[in-house]
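Visitor: here's my sequence, what's the structure:
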Amino acid sequence: MSSSAYREIGKGQCGSVWAADVPGEACALKRQHAGGDGEHSRSVIKDSVMPQRTERSFNECRTSLELTNLNIPRYHQLVLKEDAQWWATRRGRFPSDLEACNTLISERIPPFEGPVRMKIIELFCPDKIKDVVINSRKDEDCMVRPYLGRRARDSRPSPFFTLRNKALTIDQMENLKLPAVDYACAMADALAFMFWEAKVDANDVEFVLAPKGAHVSSGTWNSEALGEHTLWLLDFDCVKDISMDSSGIAQAASAFFRNDPYFPRPCGETELDLSLWTAFTQRFLRSSERILGDDVLPLLMIGALEEIGRDRKRKARTLA
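Guide: Modelled structure (predicted):
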């Protein structure tokens, strides 16, 4: 067992994420926030159940659904704060001010390496903080959030910049010549799988672009900007079961728009936005048919999403 110190590589609403810098396949440890103990809606205990269930369903249908460019971090273990034996051998690897807590251990998604980080810094980081970011240890933990449903409102670099979970909007992906349509199709596959196979609403899940894991024999994309990379699906602590009826459709459609803007949006602003939505819906319907046959639910889902999209656009025009 490694004795390397754990360092924080990320933080979210459920907890902070830690890892040790070791060669080969590495683990990520999600420590539950102290205030979340017993809070079932945001807990690593719940986040340990859904990944196992989702990973099991994913592995069963990955080949038949051709989910070749989609990956889910492999679940390893749930450690409770009462597990004295586990904490006795690992407590000293965390900072001294951190107590034992419920901790979810899973495969660590590999970060992008130096050349990719430098490319992103060169293009999107404000000049006055470039040196700080280049020399920042935490900014070595670089993954990209693909926001296919958002365009940058301001061409100027944001004064707040980090490579951790760096969001790229669709126009930025265009500038980097990234395969946005391929990402949209992979996300459509993911939603079809989650809705109809895992039967969950995909509420608050995340997608990141990153290198593939050491054990994963998955398909990848290759670009000048990001090199060889794939799409990862993670964070299931807010996912809820859905019924296979109109009530489930409404629940999943609401979750779609409540999430960060990973997915293309109906009623987009440009021709590319509209083409992304078309590619997304066509792929979603194709993948859904492989699971449900000629069931009407997938068409109802697309109809619900487009109706919400039109309503949101009308409201935005009213407020403009």
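
Visitor: for the stretch 151-300 of the chain, give me the ranges with low pLDDT.
Guide: By pLDDT under 70, the low-scoring segments of the stretch 151-300 of the chain are 154-158, 215-217.

Visitor: right, and the helix or strand after whatever helix or strand Glu228 lives in?
Guide: Assigned by DSSP states H and E, Glu228 falls within strand 227-234. As assigned by DSSP H and E, the chain's next helix or strand after strand 227-234 is helix 246-258.

Visitor: C-alpha coordinates for that following helix, PDB please?
Guide: The C-alpha coordinates for helix 246-258 follow below in PDB (Å, rounded to 0.1, in the frame of the first residue of the first chain):
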ATOM      1  CA  SER A 246     -45.400  11.100 -18.700                       C
ATOM      2  CA  SER A 247     -44.500  11.900 -15.100                       C
ATOM      3  CA  GLY A 248     -41.000  10.400 -15.600                       C
ATOM      4  CA  ILE A 249     -40.700  12.400 -18.800                       C
ATOM      5  CA  ALA A 250     -41.500  15.600 -17.000                       C
ATOM      6  CA  GLN A 251     -39.100  14.900 -14.200                       C
ATOM      7  CA  ALA A 252     -36.200  14.000 -16.600                       C
ATOM      8  CA  ALA A 253     -36.900  17.100 -18.800                       C
ATOM      9  CA  SER A 254     -36.800  19.400 -15.800                       C
ATOM     10  CA  ALA A 255     -33.500  17.800 -14.700                       C
ATOM     11  CA  PHE A 256     -32.100  18.300 -18.300                       C
ATOM     12  CA  PHE A 257     -32.500  22.100 -18.000                       C
ATOM     13  CA  ARG A 258     -31.600  22.300 -14.400                       C
END
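
Visitor: buried set for whatever helix or strand comes next after it?
Guide: Downstream of helix 246-258, the first helix or strand assigned by DSSP H and E is helix 271-292. Applying a neighbour-count criterion of 16 or more other CB atoms under 10 Å, one finds 272-273, 276-277, 279-281, 283-284, 286-288, 290-292 buried in helix 271-292. For the C-beta atoms, the positions are set from N, CA and C on the backbone; glycine is no exception.

Visitor: who does the strand holding Glu228 touch, helix- and strand-wise?
Guide: strand 70-71, helix 180-192, strand 206-210, strand 221-223 (3 or more CB pairs under 8 Å, 6 or more residues apart in numbering; DSSP states H and E).

Visitor: and the last one, how far out from the chain middle?
Guide: Relative to its chain's centre, strand 221-223 lies at 18 Å (CA atoms, centre = their mean, to the nearest Å).

Visitor: cool, and the third one?
Guide: Taking the mean of its C-alpha atoms, strand 206-210 sits 4 Å from the chain's own mean (CA atoms, centre = their mean).

Visitor: neighbouring contacts of that strand?
Guide: Surrounding strand 206-210, the residues in contact under the criterion CB atoms under 8 Å, 6 or more residues apart in numbering are 109-112, 143-146, 165, 183, 187, 190, 226, 229-235, 260, 262.

Visitor: next one: stretch 82-97
Guide: Residues external to stretch 82-97 that are found in contact with it (CB under 8 Å, 6+ apart): Met1, Ser3, Ser4, Ala5, Tyr6, Trp18, Ala20, Val79, Lys81, Ala100.

Visitor: what is the mean pLDDT for that stretch?
Guide: Stretch 82-97 carries an average pLDDT of 94.

Visitor: any idea how far apart the tips of that stretch sit?
Guide: Using CA to CA, to the nearest Å, the end-to-end distance of stretch 82-97 comes to 18 Å.

Visitor: helix or strand for the closest residue in space to Asn175 that isn't next to it in sequence, which one?
Guide: Among residues not flanking Asn175 along the chain, Leu123 sits closest, at 7.3 Å (CB to CB, 6 or more residues apart in numbering). Element membership of Leu123, judged by DSSP H and E, is helix 114-124.

Visitor: hey, C-alpha coordinates of whichever helix or strand comes after that helix in CSV?
Guide: Using DSSP H and E, the helix or strand that directly follows helix 114-124 along the chain is helix 130-134. Extracted in CSV, the C-alpha atoms of helix 130-134 (Å, rounded to 0.1, in the frame of the first residue of the first chain):
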residue,chain,number,x,y,z
LYS,A,130,-0.7,33.2,-16.8
ASP,A,131,2.5,32.7,-14.8
VAL,A,132,0.5,32.0,-11.6
VAL,A,133,-1.6,29.4,-13.3
ILE,A,134,1.4,27.8,-15.1
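
Visitor: pull out the buried residues from helix 130-134.
Guide: Val133, Ile134.

Visitor: what's the average pLDDT for it?
Guide: What helix 130-134 shows for mean pLDDT is 96.

Visitor: give the PyMOL command for selecting the buried subset of the contacts of strand 206-210.
Guide: Burial among the contacts of strand 206-210 is assessed by 16+ other CB under 10 Å; the matching PyMOL selection reads:
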select buried, resi 109+110+111+112+143+144+145+146+165+183+187+190+226+229+230+231+232+233+234+235+262
